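Trainee: sequence-free structure coming up:
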Ligand SMILES: CC(=O)SCCNC(=O)CCNC(=O)[C@H](O)C(C)(C)COP(=O)(O)OP(=O)(O)OC[C@H]1O[C@@H](n2cnc3c(N)ncnc32)[C@H](O)[C@@H]1OP(=O)(O)O
Ligand SMILES: CC(C)C(=O)C(=O)O
Ligand SMILES: [Mg+2]
């Protein structure tokens, strides 16, 4: 059976999804889980794009050992230098350098002739070869490029030292048959291609990203790029969990497999969804809430008689488990620890004590603590950031249908000072945010607000995602609490704490 290598770009193309903004700790947490999932390559970021991305790629390259780590670079020396700075600690430093090859991109975006594009690509690969033993080169917008030109530039970058050639469908335009034909054409017309790993990178604008990646595999491609939950620019990328499960379930047809630990899929999907705030649609293949649910009577009847009547994927295969042990008010440390271990967490004694305290506090208001609640508690602990140091001391909201909503808040600064303010708003959340803005003493613009319930039931935890702008700085934040107003306040404070560009007044109070 052919072994297909998977290249995960959740932390780079996935992070390009509008509204997604991961900090170093969050990226590291996702990278560790991608390693547990068995990803062959992790594209951890675009080091030249920001200092925090460079740091994140560097941290991941230092920490993750069982997956190769790479970073993206334009065909410019500065980007390649930044990538080297980030990746020099990897065991086998690997760079991903790209340049657009379609007439539209060359003319309007790059403002270069085709010959200048070839020269730029070759120079970039030669420059990268001074540092990196493994160079992946991508022809951005390859699928709208002229094939003879594409073949020519691919041949030149191979001669310059590229070892992996990626053919992206950057705008999600190609169909499976046409995509396969591009690979066939390149295999027949490029000298030296037989020693090269061919790679696919698809976007889902027409809903064909997974189908196109499968067509690439059928046409000799051995590396597939994509993301968890199909995140990515615009409509997203090939969902790697869907591709891996498709190869597994239909190996009679594809005769190909990946190195993914399939039962880590659900956990990875949940983590990515929680940290990015990109909620997985209930009907999404493989990881959606309804992917293994049977609602219609005839289906339920069939499944009761024989599961395979309507289930081609067993939930256990992808790590969807149902837990029989109920955790609640009377549970002890052993049961708590054992469930966390089953969920894949390993904790020091100190961490366990801290988490157990948070768990017990939650049981005071919530009868049954679900796996989702535990994951939310763990996430709060593992990726907590407090750069600007604000902490919610207390929150009180007065609301009535015949009354102007008013919030009173005590906020603790990193120096331990308590600031108390009160303010009104058109609604309770607005009253809270107006009050927090007063406490913090600077103009804070709220650009996104999303709320979701962690589980079903009246006592479910609320998760709030917000995005704020402070001057030129922008950050997203997440807050979890049983009360939606408390979760809203926590998310806002979390975003302020994560804002990297801090105006003078902020933090100086
Ligand atoms: C298809 C993809 O997903 S490509 C990856 C897209 N990801 C991102 O862009 C996220 C990170 N990007 C960033 O942080 C910024 O765009 C930066 C730091 C990389 C560059 O910022 P700026 O220098 O301000 O340039 P800006 O983004 O406005 O424009 C891009 C420039 O790079 C050029 N460029 C685009 N692709 C390439 C490339 N592969 N190689 C060389 N130059 C390129 C453009 O032609 C433009 O050049 P110009 O300024 O001479 O017109
Ligand atoms: C940088 C490249 C690989 C990309 O993301 C695209 O072309 O979609
Ligand atoms: Mg892309």
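Mentor: Received the coordinates, thanks. Treat the numbers as computed from the prediction; the structure is a model and nothing was measured. Ligands and ions are numbered 1, 2, ... in the order given.
Trainee: C-alpha only now, for contacts and for neighbours.
Mentor: Fine.
Trainee: so where's the stretch 201-350 of the chain shaky on pLDDT?
Mentor: For the stretch 201-350 of the chain, the stretches flagged by pLDDT under 70 are 322-325.
Trainee: mind redoing it with 80?
Mentor: Along the stretch 201-350 of the chain, segments meeting pLDDT under 80 span 294-295, 297-298, 300, 321-326, 343-344, 346.
Trainee: Okay, helices next: where are they in it?
Mentor: All helices of the stretch 201-350 of the chain, identified by DSSP state H, counting those that start in this stretch, fall at 209-218, 240-249, 251-254, 265-276, 297-305, 333-342, 349-363.
Trainee: Does anything pack onto whatever helix or strand residue 447 lives in? Which helices or strands?
Mentor: The secondary structure element spanning residue 447 is strand 445-453 (assigned by DSSP states H and E). Using 3 or more C-alpha pairs under 8 Å, 6 or more residues apart in numbering; DSSP states H and E as the contact criterion, the secondary-structure elements in contact with strand 445-453 are strand 462-470.
Trainee: Only the buried residues of the very next helix or strand once past the strand it packs on, if you could.
Mentor: On the C-terminal side of strand 462-470, the nearest following helix or strand under DSSP H and E is strand 473-481. Within strand 473-481, the residues scored as buried using 16 or more other C-alpha atoms under 10 Å are 474, 475, 476, 477, 478, 479, 480, 481.
Trainee: try stretch 189-206
Mentor: 189-191, 193, 197-205.
Trainee: Any residue of that stretch touching ligand 1?
Mentor: No: under the criterion of C-alpha under 6 Å from any ligand atom, ligand 1 is not reached by stretch 189-206; the shortest gap measures 9.9 Å.
Trainee: any residues touching that stretch, and which ones?
Mentor: Under the contact criterion C-alpha atoms under 8 Å, 6 or more residues apart in numbering, stretch 189-206 has outside partners 151-152, 154-155, 158-159, 163-173, 186-187, 209-210, 212-213, 216, 220-226, 232-238.
Trainee: Now do the host helix or strand of residue 432 and strand 445-453, the angle between them.
Mentor: Assessed by DSSP H and E, residue 432 sits inside helix 428-440. Angle between the axes of helix 428-440 and strand 445-453 is 130 degrees (criterion: axes from the mean of the first three to the mean of the last three C-alpha atoms, to 10 degrees).
Trainee: counting contacts, what elements does helix 428-440 pack onto?
Mentor: strand 391-398, strand 406-412, strand 418-424, helix 484-498.
Trainee: got the angle for that helix vs helix 484-498?
Mentor: Relative orientation of helix 428-440 with respect to helix 484-498: 40 degrees, computed using the same axes, to 10 degrees.
Trainee: isn't residue 300 right up against residue 294?
Mentor: Yes: the pair residue 300 and residue 294 passes the contact test of C-alpha atoms under 8 Å, sitting 5.8 Å apart.
Trainee: what does the chain have sitting close to ligand 1?
Mentor: Counting by C-alpha under 6 Å from any ligand atom, the chain sits next to ligand 1 at 13, 48, 49, 74, 75, 76, 98, 99, 109, 110, 170.
Trainee: at 5 Å what do you get?
Mentor: Contacts of the chain with ligand 1, taken as C-alpha under 5 Å from any ligand atom, map to 49, 74, 75, 98, 99, 110.
Trainee: Can you pick out the ones from these that are in strands?
Mentor: Within the residues of the chain next to ligand 1, membership in strands is found for 74, 98, 99, as judged by DSSP state E.
Trainee: just to revisit the earlier point, so which of the contacts of stretch 189-206 would count as near ligand 2 as well?
Mentor: With C-alpha under 5 Å from any ligand atom as the criterion, these include 168, 170 near ligand 2.
Trainee: related to what we said a few turns ago, for residue 116, state which of the buried residues of stretch 189-206 is nearest.
Mentor: Minimum separation from residue 116 among those (C-alpha to C-alpha) is found for residue 190, which lies at 19.8 Å.
Trainee: any idea how far residue 121 is from that closest one?
Mentor: As defined by C-alpha to C-alpha, to the nearest Å, residue 190 lies at a distance of 16 Å from residue 121.
Trainee: In this protein, what residue lies closest to ligand 2?
Mentor: residue 170 (3.6 Å; C-alpha to the nearest ligand atom).
Trainee: Dihedrals phi and psi, the residue in the stretch 201-350 of the chain that ligand 1 sits nearest to?
Mentor: Using C-alpha to the nearest ligand atom, the closest approach of the stretch 201-350 of the chain to ligand 1 is made by residue 233 at 6.9 Å. For residue 233, the backbone dihedrals (degrees, to the nearest 10) come out as phi -50, psi 140.
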